[in-house]
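[1] Return a 3D structure for these sequence lines:
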Amino acid sequence: MANASNLLPWHPRRLDDEILSSWMLRIASGNGISVRSLCAWLGIDDDWVREIDSMDPYNPLVNHIAEAAGVENEIVVKSLPSGLYGLFGESISSTDWSWNPQWRLRGGTPPNNLGNQYCPICLRKFGHYQLSWTIAVYSCCLQHKCFLRDHCPHCGKTFLGAARFFDSYTANPKRDLQLCAYCGRSVVNHEPYELADEKTLKLTYMLDSLVRKPACVDYFEVLVRLLHVMCRPSALAKHMRSQMLPKSHQITSRYWSGTPHNFEYLDVKSRAFMLQAVVSLFADWPDYLVDVLRSTNDLHHLHHLFMHKSLPNWYESAVRIAATRNRCPKPSDREQFLHTAIQQGWVTAVQFAKRTRDSGRFLHLESA
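    The predicted structure is shown next:
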């Protein structure tokens, strides 16, 4: 339970899907102080103030914030984007937390800057920043069925989060959070929002359902590895993008060089396109993946598809098959894959891939 002696006079509850920085801004505002002053009172090091959204869920400061807000530690942990723990109660990542947690949006300037996006309707209606907006698998708002934005519609500059208000007292967080950090104009009262296409919506619904299942960790570990490989500035990545993405789907990166670097650096629509392409690889696994990889003459580059740690057997086996020219997938490979998908609860991802895969693509590979 919270320590009553450390309880702040004004301690509003955390709103639905609210990220910690937004919640802290409202707490500080209600107590008539800045977030930096609040953090100093809580014992948070000055260097950490702007990085509170990047805290380890096991950081002792989580307990200090919980006591001040009068809540259990778990409520604070759920407001952190570390490894998707905050959204879904348990991390989908089996890796230890680090400064660069998987799926966390990146801003690109400087290279380690965290990125942000927002739903203009949610921000106007509810007035707080949502945790799901920081996660790269989300490119659209499932409530309003529109694409998220990652920039100001007036000046076009990057959308910044709540940390920009931490140094001074903010009397009206709901109003100020809607203003562009650069031009000062409202980011929610402008051009009509853009509705997401049906495929993007269905894919986001599917992924949203899977991240709520801790048993789906294997699926997401493989998904993040394939996305990492496809977004690299390598010959293999360029080949895979040229084969799997329609020419109309231009990929735009927010990385400082402007070239694809990591999935987390891509803009909203580019992430939607890239996810659609990579998820389609799960159709007719492992045959489809093997066909794609063998269409390149650079099989020696396939080592990028592995990691420093072991990945699921059904995945590593498929990559090894692709790397061995005279070896073909066996029915048992497919059976193992489907058995795992059913057992772990992500068979819907396989079904989605088969339904949405463009049958007109890769005909030249299948007939080669």
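
[2] what's the burial count for Q143?
    The tally of other residues near Q143 (other C-beta atoms under 10 Å) stands at 10. Yep, even glycine has a C-beta here, placed from its N, CA and C like the rest.

[3] What about it? Give its phi and psi, please.
    Here is the backbone geometry of Q143 (degrees, to the nearest 10): phi -80, psi -40.

[4] who touches it in this structure?
    The contact partners of Q143, taken as C-beta atoms under 8 Å, 6 or more residues apart in numbering, are 119, 121-122.

[5] now the strands: where do they sit in the stretch 151-300 of the chain?
    In the stretch 151-300 of the chain, no strands are defined using DSSP state E, counting those that start in this stretch.

[6] remind me which residues of it are low pLDDT?
    Flagging of the stretch 151-300 of the chain using pLDDT under 70 yields the residue ranges 248, 297-300.

[7] What is the burial count for G32?
    11.

[8] give me the element it is part of.
    Under DSSP states H and E, no helix or strand contains G32.

[9] Enumerate every residue touching it.
    Y169.

[10] swap in H154?
    180, 183, 185, 187, 190.

[11] If we use 7 Å, what do you get?
    Taking C-beta atoms under 7 Å, 6 or more residues apart in numbering, we find H154 in contact with 180, 183, 185, 190.

[12] Which one (most neighbours) among these?
    Going by other C-beta under 10 Å, C180 tops those with 19 neighbours.

[13] check contacts around it.
    With C-beta under 7 Å, 6+ apart, C180 has these contacts: 152, 154-155, 157, 187.

[14] and V229, how far is that from E74?
    Separation of V229 from E74 (C-beta to C-beta, to the nearest Å): 35 Å.

[15] who has more neighbours, the two?
    Legend: neighbour count by other C-beta under 10 Å for V229 and E74, higher for V229 (20 against 11).

[16] Count the residues that sit near G345.
    Other residues lying near G345 total 16 when counted by other C-beta under 10 Å.

[17] now it: how far from V278?
    Distance from G345 to V278, by C-beta to C-beta: 20 Å.

[18] quick check: mean pLDDT across stretch 351-367?
    When pLDDT is averaged along stretch 351-367, the result is 59.

[19] Can you give me every residue that contacts the closest residue in space to K213 that isn't next to it in sequence?
    With C-beta to C-beta, 6 or more residues apart in numbering as the criterion, K213 has its nearest non-adjacent residue at 4.9 Å, and that residue is G345. If you count contacts by C-beta under 7 Å, 6+ apart, G345 has them with 213, 215-216.

[20] now those: which count as buried?
    Neighbour-count burial (16 or more other C-beta atoms under 10 Å) is assigned, among the contacts of G345, to 213, 216.

[21] Now tabulate the contacts of G345 in CSV and tack on distance to P173.
    Below are those laid out as CSV (distance: C-beta to C-beta, whole Å):
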residue, distance to P173
K213, 34
A215, 38
C216, 35
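
[22] ok, of the contacts of G345, which one's closest to R104?
    Nearest to R104, judged by C-beta to C-beta, of the contacts of G345 is C216 at 18.4 Å.

[23] Give me the distance between that closest one and A235.
    In this view, C216 and A235 are 31 Å apart by C-beta to C-beta.

[24] and if you look at K125?
    For K125, the distance to A235 - C-beta to C-beta - is 46 Å.

[25] Using CSV, write down the CA coordinates of stretch 157-176.
    The C-alpha coordinates for stretch 157-176 follow below in CSV (Å, rounded to 0.1, in the frame of the first residue of the first chain):
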residue,chain,number,x,y,z
LYS,A,157,8.0,19.3,-37.5
THR,A,158,8.3,16.3,-35.2
PHE,A,159,5.6,15.9,-32.6
LEU,A,160,7.1,16.1,-29.1
GLY,A,161,5.8,14.5,-25.9
ALA,A,162,5.0,15.8,-22.4
ALA,A,163,8.6,16.1,-21.3
ARG,A,164,8.9,19.4,-23.1
PHE,A,165,6.8,21.0,-20.2
PHE,A,166,8.8,19.5,-17.3
ASP,A,167,10.9,22.6,-16.5
SER,A,168,8.1,25.0,-15.7
TYR,A,169,4.7,25.0,-14.1
THR,A,170,1.9,24.1,-16.5
ALA,A,171,-1.5,25.4,-15.5
ASN,A,172,-3.5,23.6,-18.2
PRO,A,173,-1.9,20.4,-19.4
LYS,A,174,-4.9,19.3,-21.5
ARG,A,175,-4.7,22.5,-23.5
ASP,A,176,-0.9,22.7,-23.7
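
[26] How about residues contacting that stretch?
    Contact with stretch 157-176 is made by 21-22, 25-26, 29, 32-36, 49-50, 107, 116-118, 127, 129, 149-152, 177, 180-182, 187, as judged by C-beta under 7 Å, 6+ apart.

[27] Likewise for stretch 195-211?
    Residues from elsewhere that reach stretch 195-211 (C-beta under 7 Å, 6+ apart): 84, 87-88, 92, 137-140, 142, 145-147, 216, 219, 272, 275-276, 279, 346, 348-349, 352, 356.
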